[in-house]
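[1] No letters, just coordinates:
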Ligand code: SAM
Ligand code: DTB
Ligand code: SF4
């Protein structure tokens with residue numbers, strides 16, 4: 001077992017072999033790795049806020065906020081910092097430990113930098129772990145966000161290098177890796193994951209987790225999203241209400257992520273709303289230890305605090321009580 005052994009030299013075959021394990025064996029091993037590195041009964045609560053919604057020039061085939069989609073999501077301006085701080089206070093009062101702010105941008109513009117830095121420093125001063133996802137960053141922008149106190153930057157690779165071009169054409173896989181490097185250089189922790197259920201193959205899910213687990217340093221936070229099909233997006237229209245992945249294969253993906261990246265937080269992200277309690281329980285058993293709470297993600301509905309509190313009570317889970325947010329030394 002990979003107890004206390006964080007490796008970045010995984011081969012694709014090793015990742016594929018994990019996926020191929022009998023399901024019970026895979027879940028058992030993932031649970032063992034999880035217990036060796038984390039408090040198994042604790043799950044981090046995160047709140048997500050869309051600080052700038054819609055009108056994005058990118059063509060990500062899953063996204064309701066792409067200007068290429070016909071999803072009905074209206075383009076809005078960047079929110080006022082006061083309104084963001086008020087939403088963060090509500091999130092904290094509801095028990096959230098982490099506050100994630102997302103903007104529908106291809107890249108951050110310098111003219112918006114002071115405003116987003118103001119949001120970061122004020123939310124951070126409330127004792128919340130902070131994360132932002134604003135698209136591509138220059139190295140100066142990454143440094144400014146880090147100096148403002150941003151703990152994590154989210155930038156997903158989304159899928160395998162091979163499947164990537166079938167989902168997004170306006171930004172390359174290599175550009176995603178460049179942005180992650182800027183984030184690392186500026187000393188912020190990395191939040192990086194992707195989406196399953198976009199019509200990718202098992203081999204693509206292997207390639208996706210292999211790409212993450214062989215980064216020079218594992219992302220401290222790994223969101224695993226299940227596609228939320230949105231009408232008017234390429235993928236939403238292709239798959240309708242039905243996700244082309246079954247629950248057991250989704251749990252396998254979470255379990256392999258846990259084994260391959262033992263020390264990372266694995267976030268059961270978008271898609272929980274349409275997941276049974278039993279499937280979510282299997283994800284927690286397999287090492288998922290973070291969720292988005294509240295009744296909305298960025299533009300789509302989420303399970304909601306009431307449902308989550310009931311699920312936690314049923315499963316005997318407790319919200320993670322974090323200490324200091326994870327900061328990493330600049331490289
Ligand atoms: N615009 C920024 C960017 O993409 O870099 C940040 C916001 S973007 C909405 C963040 C991530 O949310 C995407 O990379 C994708 O993994 C996930 N996401 C977006 N729409 C989704 C959907 N319909 N279902 C599941 N995950 C989704
Ligand atoms: C991530 O990987 N998932 C979150 C967060 N990072 C920004 C976003 C999920 C978005 C789901 C679709 C929506 O609500 O628009
Ligand atoms: Fe834009 Fe991000 Fe949506 Fe892609 S995922 S269209 S970059 S908001």
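    Nice, I can see it. Bear in mind that the values here come from a model prediction, so they are computed numbers and not experimental data. Numbers count the residues shown, from 1 in each chain. Ligands and ions are numbered 1, 2, ... in the order given.
[2] For the residue nearest to residue 47 when sequence neighbours are not counted, grab the count of nearby residues.
    Computed as C-beta to C-beta, 6 or more residues apart in numbering, the closest residue to residue 47 that is not its neighbour in sequence is residue 91, at 3.6 Å. Just so you know, the C-beta spots here come from the backbone N, C-alpha and C atoms, and that holds for glycine as well. For residue 91, the count of nearby residues is 25 (other C-beta atoms under 10 Å).
[3] ok, residue 91 to residue 151 distance?
    15 Å (C-beta to C-beta, to the nearest Å).
[4] which residues are contacting whichever strand or helix holds residue 102?
    In the assignment (DSSP states H and E), residue 102 maps to strand 98-103. The contact list for strand 98-103 (C-beta atoms under 8 Å, 6 or more residues apart in numbering) reads 44-52, 78, 84, 88, 91-92, 116, 119, 123, 128-135, 152, 154, 191, 290, 292, 298, 322.
[5] ok, the least confident helix or strand in the chain by mean pLDDT near ligand 3 or not?
    Taking mean pLDDT, DSSP states H and E as the measure, the chain has helix 234-239 as its least confident helix or strand, at a mean of 87. No - figure legend: helix 234-239 not in contact with ligand 3 (C-beta under 6 Å from any ligand atom); closest approach 10.9 Å.
[6] Which element is encountered next along the chain beyond that helix?
    helix 247-260.
[7] following that next one, which helix or strand comes up?
    Taking DSSP H and E, what comes next after helix 247-260 is strand 265-268.
[8] And that next one, what's buried?
    Neighbour counts over strand 265-268 (16 or more other C-beta atoms under 10 Å) mark 265, 266, 267, 268 as buried.
[9] For the third one, name its beta-bridge partners.
    When bridges are called by DSSP bridges, residue 267 pairs up with residue 223, residue 290.
[10] How much space separates it from residue 189?
    Taken as C-beta to C-beta, the span from residue 267 to residue 189 is 13 Å.
[11] joint contacts of the two?
    Counting by C-beta under 8 Å, 6+ apart, the residues touching both residue 267 and residue 189 are residue 221.
[12] Check the offset of stretch 18-34 from the chain's centre.
    Taking C-alpha atoms, centre = their mean, to the nearest Å, one finds the center of stretch 18-34 at 22 Å from the center of the full chain.
[13] Enumerate the residues of this protein near ligand 2.
    Residues of the chain lying close to ligand 2 (C-beta under 6 Å from any ligand atom) are 48, 64, 100, 102, 133, 154, 156, 193, 223, 225, 228, 269-270, 297-300.
[14] Pull out the buried members of these.
    Buried residues within the residues of the chain next to ligand 2, counting neighbours by 16+ other C-beta under 10 Å: 48, 64, 100, 102, 133, 154, 156, 193, 223, 225, 228, 269-270, 297-299.
[15] picking that back up, which ones among the contacts of strand 98-103 lie within helices?
    Among the contacts of strand 98-103, DSSP state H puts 84, 88, 91, 92, 116, 119, 123 in helices.
[16] rewinding a little: wait, does the least confident helix or strand of the chain make contact with ligand 1?
    No - counting by C-beta under 6 Å from any ligand atom, ligand 1 is not contacted by helix 234-239; separation bottoms out at 7.2 Å.
[17] Say whether ligand 1 is contacted by stretch 257-270.
    Yes - contact of stretch 257-270 with ligand 1 (C-beta under 6 Å from any ligand atom) involves residue 270.
[18] Need the distance between the two termini of that stretch.
    Using C-alpha to C-alpha, to the nearest Å, the end-to-end distance of stretch 257-270 comes to 16 Å.
[19] How about stretch 279-295?
    In stretch 279-295, first residue to last residue: 19 Å (C-alpha to C-alpha).
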